[in-house]
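# would you be able to build a 3D model of this:
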Amino acid sequence: MARKCQLTGKQANNAFAISHSHRRTKKLQEANLQWKRVWWKEGNRWVRLRLSTKAIKTLEKKGLQAMAKEAGINLNKL
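All right, here's what the predicted structure looks like:
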């Protein structure tokens, strides 16, 4: 599985690591992903998702069903 948030689609970003002498080397800025078990009320079961921490905060506000609908994810297959 790719390092990608299942609800928001966040993934790694290409960037430069700049040293004190200003030499630039390429690096990856990975998204802060966590495995999270979320209760899906409509399906009456737990769903295990790989989410970014930003998505976890948004999930508490909007709810799982609304965010999955926006992302086009079928929760029955998870």
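# pretty sure Phe16 is in a strand, no?
Yes - counting by DSSP: H, G, I helix; E, B strand; the rest coil, Phe16 is located in a strand.
# what's opposite it in the beta bridge?
Judged by DSSP bridges, the bridge partners of Phe16 are Lys26.
# verify the contact between it and Leu28 for me.
No - the criterion here is Cβ atoms under 8 Å, and Phe16 misses it with Leu28 at 10.9 Å. C-beta coordinates here come from the backbone N, C-alpha and C atoms, glycine included.
# distance of the residue with the largest distance to the centre of the chain from Asn13?
Residue distances from the centre of the chain (Cα atoms, centre = their mean) peak at Ser21, which lies 34.6 Å from the mean C-alpha position. Look at Ser21 and Asn13: by Cβ to Cβ, to the nearest Å, they are 24 Å apart.
# next one: Ala68
24 Å.
# next: Thr53.
Thr53 sits 15 Å away from Asn13, going by Cβ to Cβ.
# now swap in Leu7 and tell me
Distance from Leu7 to Asn13, by Cβ to Cβ: 18 Å.
# the two: who's more crowded?
Neighbour count, other Cβ atoms under 10 Å: between Leu7 and Asn13, Leu7 has more, with 23 against 10.
# helix, strand, or coil at that one?
Judged by three-state DSSP, the three-state class of Leu7 is coil.
# my guess is it contacts Lys69, does it?
No - taking Cβ under 8 Å as the definition, Leu7 is not a contact partner of Lys69, at 10.4 Å.
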